[in-house]
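J.: structure here, sequence nowhere to be found:
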């Protein structure tokens, strides 16, 4: 693509792969965890504008949603992630979650960056669970249970093992195909990974992440009766009205901390709770960790619906790393004419050849 | 950029300029007018999902808005335009309106196309006024008045002159800089273009387009007292709460046809009218033109807020032309791993060099 005066930085599949290769997957995850921790800790104090995500939901040809997630950091930038959720994708070799992220300069509306959102979403969702786990789980948590062995399971296991001394990962999935390959996909963590029953998973796990594609109304995905008193659960899969993963009784006896309360009440585990049954947002726990330290010994839930602040911060991390390593491609996507008042001023390209050859008298715009 | 299995078609500034050069600016506009006419005529009957646009509004560093405009054609595709409106842009050599458009495959959520939205918006906004003018103005309209001589004035004049026998264009702008250059910018139309007073403009014009950046609460931009009884006004500039261009008295005696009623009641001229003072949507007029033919002799207003269906249709036109002329660049923006359940499967690129060089034991994901 040619250069232009106002270019957009494209961070593509290739750039994301190069980034992981050059920076190292652990360093990328660690950077993301610390960036999210800082941003979420400051969230309650920083000015921002945030709206619960909205989208189109449909059943044909495949059940799915396509959503937009906007975030505004006043005076600086707007980030909008567009994200699709289509469980039928996996059968055709595509991730359930496909996404891209856009970053706009708030001073002009110019599109600064368009980036992959698939790897970004997987990493930031893992990182968010790590941030929550670090503040809500017991500090010496060594067994991690994962319910649902899809793509998000990989980054949940990765992120949580960066903040806890995990030496055993137990996995349960109703789909034998997903369960079968999880040990191979988690081999890079060099810990024992075992597929097991939901009962054993409950009895042994200090921390659990639920990352399923259970259909709305068909949960819960675990009985919760056998869970440790000190268990911390990252409830990640509930992200649609009607789609929840945990039993109501367990939710009611746990401290449930949503990422973004108003959105979680629409789409998360919180949609089944009354307002006074819902605990503080994760941001509040992070800002006042001492106040919640005693709660680590009783059940806690991070109700992770995934929200636009996380994507904003994750994109900041990716942009910074991309810049450091000289990655990305710049191209002028927006048609910005030489004369801002003349959309038909086509620049040097068009001047090279008569752009008006369909006019009888060959008059040129701007002459 | 390299290829990938699931690529996105990028339609850049260069492609848009090439398209105009190869197809011809009149042919592009005519194609857009007919495509919009068809789509708006069928709109009331076709299934679709459409939400009024939403966005972030701010005053610093410059007053502006950044908005998202989603449209869903069930079973086929979702189009989302992101659009900024920053009147201060012109002083720094940028268009007031900067925009990009995204097209998603509804079956998978894959981003099929990312395209310029600046030229697209200017052309489709002109084309929408042409569609409305053709059905609401007198058929022999020969004098066009334009209030506000910015970028949108160019495509208003262009589009309307494609559907009416315009032989005179009168322009009024409170900014001498904009007024000064309009004749040059409209020279390609080969009709008489004259900057004049608002009074003469009113007295002579058969059709008027208002395309100003008047600030919320500072309208109207014309008194309307001197307008012909048969005048048709395309009210294009009102697109924010509080921003309106026409006097209330005139609106009340005219047949006011919004493009998208619920959005126009929030952002258009219709925000000043009660529900029963608002006429049919343009789509309804187009579907039943006979029923409104008599209204051409009394004042009519097209309340053009600009809506997502128009961008969806305009993008269809641009995609089709791009395809015909072999334009556009394909690249894999989304990170789609070879194994849809393994976000860290980095494909052949990463396999060439050890991606895990920060691990002690050099274990590889997926082996």
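T.: Looks like it came in fine. Source: prediction; values computed, not measured.
J.: now the most centrally placed residue in chain A: how far from residue B:99?
T.: Nearest to the geometric centre of chain A sits residue A:121, at 3.3 Å (Cα atoms, centre = their mean). In this view, residue A:121 and residue B:99 are 25 Å apart by Cβ to Cβ, to the nearest Å. In this view, the C-beta of every residue, glycine as well, is placed from N, C-alpha and C.
J.: are we agreed that residue A:292 is in a helix?
T.: Yes - looking at residue A:292 with DSSP: H, G, I helix; E, B strand; the rest coil, it is inside a helix.
J.: burial check on it, number of neighbours?
T.: Residue A:292 has 18 neighbours, counted by other Cβ atoms under 10 Å in any protein chain shown.
J.: equivalent analysis for residue A:253, please.
T.: Around residue A:253 there are 11 other residues, counting by other Cβ under 10 Å.
J.: and for residue A:80?
T.: Look at residue A:80: counted by other Cβ under 10 Å, it has 25 neighbours.
J.: and the helices in the stretch 201-350 of chain A?
T.: In the stretch 201-350 of chain A, the segments counted as helices under DSSP state H, counting those that start in this stretch are A:248-253, A:261-267, A:282-287, A:308-324, A:347-352.
J.: what would those look like in JSON lines with distance to residue B:136 and mean pLDDT?
T.: Formatted as JSON lines, the helices of the stretch 201-350 of chain A follow (distance: least, Cβ to Cβ, whole Å; pLDDT from 0 to 100):
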{"stretch": "helix A:248-253", "distance to residue B:136": "57", "mean pLDDT": "97"}
{"stretch": "helix A:261-267", "distance to residue B:136": "42", "mean pLDDT": "93"}
{"stretch": "helix A:282-287", "distance to residue B:136": "53", "mean pLDDT": "96"}
{"stretch": "helix A:308-324", "distance to residue B:136": "41", "mean pLDDT": "97"}
{"stretch": "helix A:347-352", "distance to residue B:136": "34", "mean pLDDT": "49"}
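J.: those: which one's closest to residue B:346?
T.: helix A:308-324 (15.1 Å; Cβ to Cβ).
J.: so what secondary structure elements neighbour the closest one?
T.: Judged by 3 or more Cβ pairs under 8 Å, 6 or more residues apart in numbering or on different chains; DSSP states H and E, helix A:308-324 is in contact with strand A:8-11, helix A:13-23, helix A:25-43, strand A:64-73, strand A:77-85, strand A:97-105, strand A:111-116, helix A:118-136.
J.: what's the average pLDDT for the last one?
T.: Within the predicted structure, the mean pLDDT of helix A:118-136 is 98.
J.: ok, then the element right after it?
T.: Next helix or strand after helix A:118-136 toward the C-terminus (DSSP states H and E): strand A:143-147.
J.: for chain A, which residues score under the pLDDT cut-off?
T.: Low-confidence segments of chain A (pLDDT under 70): A:1-5, A:46-47, A:348-367.
J.: repeat that with 50
T.: Within chain A, the segments meeting pLDDT under 50 span A:1-4, A:349-367.
J.: surely residue A:68 is in contact with residue A:54?
T.: Yes - between residue A:68 and residue A:54 there is a contact at 6.5 Å, judged by Cβ atoms under 8 Å.
J.: of those two, give the one with the bigger neighbour count.
T.: Neighbour count, other Cβ under 10 Å: between residue A:68 and residue A:54, residue A:68 has more, with 22 against 15.
J.: what's the separation between that one and residue B:221?
T.: Distance, residue A:68 to residue B:221, using Cβ to Cβ: 33 Å.
J.: just residue A:271 next, same as before
T.: The spacing between residue A:271 and residue B:221, counted by Cβ to Cβ, is 47 Å.
J.: higher neighbour count, these two?
T.: Using other Cβ under 10 Å as the criterion, residue A:271 and residue B:221 rank with residue B:221 on top: 24 against 18.
J.: next one: phi and psi at that one?
T.: In terms of degrees, to the nearest 10, the main-chain angles of residue B:221 are phi -100, psi 0.
J.: and the residue of the stretch 101-250 of chain A nearest chain B?
T.: Using Cβ to the nearest Cβ, residue A:109 is the residue of the stretch 101-250 of chain A that sits closest to chain B, at 1.8 Å.
J.: over to stretch A:68-79 now: how far is its first residue from its last?
T.: From its first residue to its last, stretch A:68-79 covers 10 Å (Cα to Cα, to the nearest Å).
J.: do it and chain B meet?
T.: Yes - if you take Cβ under 8 Å from any Cβ of the partner chain as the test, stretch A:68-79 does meet chain B, through A:68, A:70, A:72, A:74-75, A:78.
J.: contact partners of that stretch?
T.: Around stretch A:68-79, the neighbours that count as contacts under Cβ atoms under 8 Å, 6 or more residues apart in numbering or on different chains are A:47-51, A:53-55, A:80-83, A:101-106, A:112, A:306-309, A:311-312, A:315, B:55-56, B:58, B:60-61, B:66, B:68, B:70, B:80.
J.: re the thing from before, which of the helices and strands packed on helix A:308-324 sits most buried?
T.: Mean neighbours per residue, mean count of other Cβ atoms under 10 Å in any protein chain shown, is largest over the helices and strands packed on helix A:308-324 for helix A:118-136, with a mean of 27.
J.: close to chain B, is that helix?
T.: Yes - using Cβ under 8 Å from any Cβ as the criterion, contacts between helix A:118-136 and chain B involve A:118-120, A:122-123.
J.: ok, of those, which one's closest to residue A:138?
T.: residue A:123 (24.8 Å).
J.: and that closest one, what does it touch?
T.: Counting by Cβ under 8 Å, 6+ apart, residue A:123 touches A:28-29, A:32, A:155, A:159, A:314, B:343.
J.: CSV for these, including distance to residue B:6?
T.: CSV is the format used below for the contacts of residue A:123 (distance: Cβ to Cβ, whole Å):
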residue, distance to residue B:6
A:28, 23
A:29, 25
A:32, 24
A:155, 20
A:159, 26
A:314, 21
B:343, 15
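J.: nearest to residue A:203, of those?
T.: Distances from residue A:203 to these, taken as Cβ to Cβ, are shortest for residue A:159 (23.6 Å).
J.: and residue A:195, what are its phi and psi?
T.: Per-residue torsions, residue A:195: phi -80, psi 130 (degrees, to the nearest 10).
J.: now do the nearest residue to residue A:217 once chain neighbours are set aside against residue A:186, distance only.
T.: Closest residue to residue A:217 apart from its sequence neighbours, by Cβ to Cβ, 6 or more residues apart in numbering or on different chains: residue A:242 at 5.4 Å. Look at residue A:242 and residue A:186: by Cβ to Cβ, they are 30 Å apart.
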